[in-house]
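Enquirer: A structural model of the following input is requested.
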Amino acid sequence: MVPGVKFERPEIDTGYLDALLAAVQMGQLTLAIHYRKETEASLVRLHPLPAAAANELTGSDRFFAKVLINGDDDKPTIQMLINSEHLANNYRHVTADTLINALAFPIENVKGGFIIARSFRAIARPIAGWLLGIIFDQGEKLRRRFRNERDDDVPQPTSPPSGEQQIDHPAAASTASGDSDGSSSGVRSNKSTLADDDHPMEREQPRQDRRSDQIV
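Expert: Next up, the predicted model:
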């Protein structure tokens, strides 16, 4: 701990974790970054919270931890607790100035802290840039992952079996049928007319026979 510097000790509950974008955990100190209607960041006194504990408190599986720096015996010296869905949606709201202000705030509020505040901000700037790069990198990866998962959940249109042929429009089918019927009836009508006109003398013959009978 830093002598003379007081750090808040927040109460960890579902409301605190739901709004959390990421928490950079460094021993007993944590840089907590939240987004509600705007981005908030603060350096608080908080022991590292495992992702499993955060998921249990919120009844979800959206939290995971990313190790940033390993210490002795491969124990993480600095790790980041990430709220995956919230970070994917809102990571672009985080700025370097927000992180610098959060890192510098405890020092600036110490009596006489303004004397070293400018120097401390110069030290905090590259740290904030490093953390911001990690936040944006993780946020972009999570955004793509969730977008791909949503695309996979959308049902794809099924194509008709290859053996099926396209059905003609009913109007076109009826028109084709009508044309076929009309042409057929026309042929039959012509044939009938020709049949009647082929042998005109044969139709007159019965009358001549009847006259012959009467003469006899």
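Enquirer: all contacts plus neighbour counts: C-alpha atoms, from now on.
Expert: Fine.
Enquirer: For the protein, which segments count as strands?
Expert: 20-26, 29-35, 39-45, 63-70, 76-83 (DSSP state E).
Enquirer: by how many degrees do the fourth one and strand 20-26 diverge?
Expert: Looking back up the chat, that one is strand 63-70. 30 degrees (axes from the mean of the first three to the mean of the last three Cα atoms, to 10 degrees).
Enquirer: What pairs with strand 63-70, parallel or antiparallel?
Expert: Note on strand 63-70: by DSSP bridges, its sheet partners are strand 76-83 (antiparallel).
Enquirer: what pLDDT, on average, does the strand it pairs with get?
Expert: Averaging pLDDT along strand 76-83 gives 92.
Enquirer: in that strand, what's buried?
Expert: In terms of neighbour count (16 or more other Cα atoms under 10 Å), strand 76-83 has its buried residues at 76, 78-83.
Enquirer: Would you mind writing the CA trace of that strand as PDB?
Expert: Extracted as PDB, the C-alpha positions of strand 76-83 are listed here (Å, rounded to 0.1, in the frame of the first residue of the first chain):
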ATOM      1  CA  PRO A  76      -0.200 -13.800 -11.800                       C
ATOM      2  CA  THR A  77       1.200 -10.500 -10.600                       C
ATOM      3  CA  ILE A  78      -1.300  -8.600 -12.700                       C
ATOM      4  CA  GLN A  79      -4.400 -10.000 -14.200                       C
ATOM      5  CA  MET A  80      -7.500  -8.600 -15.800                       C
ATOM      6  CA  LEU A  81     -11.000  -9.800 -14.900                       C
ATOM      7  CA  ILE A  82     -13.200  -9.200 -18.000                       C
ATOM      8  CA  ASN A  83     -17.000  -9.000 -18.300                       C
END
